[in-house]
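Q: Take a look and give me a structure for this.
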Amino acid sequence: MNDDQHMWVCGSFFQFSAGGGWTDLKGFDLSEKEENVLKKQLSQKTSMFVVQATKESVASEVNYQDPESSFMSGMWMSPTLEERDKMLLAPRLARAWEQALSTEMQDKIFQNVKLLPGVYDVLTKMDVFAFPFNLQGMWVGCEGEVE
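A: The predicted structure follows:
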């Protein structure tokens, strides 16, 4: 692999392991360091890069000042939700949470975030299904009544 491919693999790890759940992401090029013992053992032409980051913990409760970040945190580890869907869901869930009539309802909204991957999986399977044109015409023609 070349250096660009190595960076792609490393970046993919950070993106898909927790999405926005990383802070202080830093990269270091150790290729030119004289004290690099491993480089001396391998060869003089070896490139060496190190990446360091801090993984944030997933929110266990909603932050009252920023509920949207709490919902986004709850979706970090969801492998089936795409990033664009997380960006749409987090503000909507935060708004629903803020407008909830009781703390019990708020707790249920926050706890149900873990069910989103299953719902999303079903919806993506339904997206592939398409009604044949003649069935679509029958539906439009019946104006709300099933024939």
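
Q: Return the residues in contact with Lys26.
A: Val51, Gln52, Ala53 (C-beta atoms under 8 Å, 6 or more residues apart in numbering). Yep, even glycine has a C-beta here, placed from its N, CA and C like the rest.

Q: and the last one, how many residues sit next to it?
A: Spelled out, that is Ala53. Residues near Ala53, counting by other C-beta atoms under 10 Å, number 15.

Q: Ok, the first one next?
A: Val51 has 14 neighbouring residues, counting by other C-beta under 10 Å.

Q: So it versus Lys26, what's the distance?
A: Look at Val51 and Lys26: by C-beta to C-beta, to the nearest Å, they are 7 Å apart.

Q: What of the second one?
A: Plainly put, Gln52 is 5 Å away from Lys26 if you go by C-beta to C-beta.

Q: Make JSON lines from the contacts of Lys26 and add distance to Ile109 to it.
A: Shown next, in JSON lines, are the contacts of Lys26 (distance: C-beta to C-beta, whole Å):
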{"residue": "Val51", "distance to Ile109": "36"}
{"residue": "Gln52", "distance to Ile109": "35"}
{"residue": "Ala53", "distance to Ile109": "30"}
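
Q: of those residues, closest to Met77?
A: Using C-beta to C-beta, Ala53 comes nearest to Met77 of the contacts of Lys26, at 15.7 Å.

Q: Confirm the closest one sits in a strand?
A: Yes - counting by DSSP: H, G, I helix; E, B strand; the rest coil, Ala53 is part of a strand.

Q: how far away is Met87 from Leu81?
A: 10 Å.

Q: Next: Asp3.
A: With distances taken as C-beta to C-beta, Asp3 is found 31 Å from Leu81.

Q: of those two, who's got more company?
A: Using other C-beta under 10 Å, the more surrounded residue of Asp3 and Leu81 is Leu81, with 20 against 11.

Q: OK, contacts around that one?
A: Met75, Leu89, Leu116, Pro117, Tyr120.
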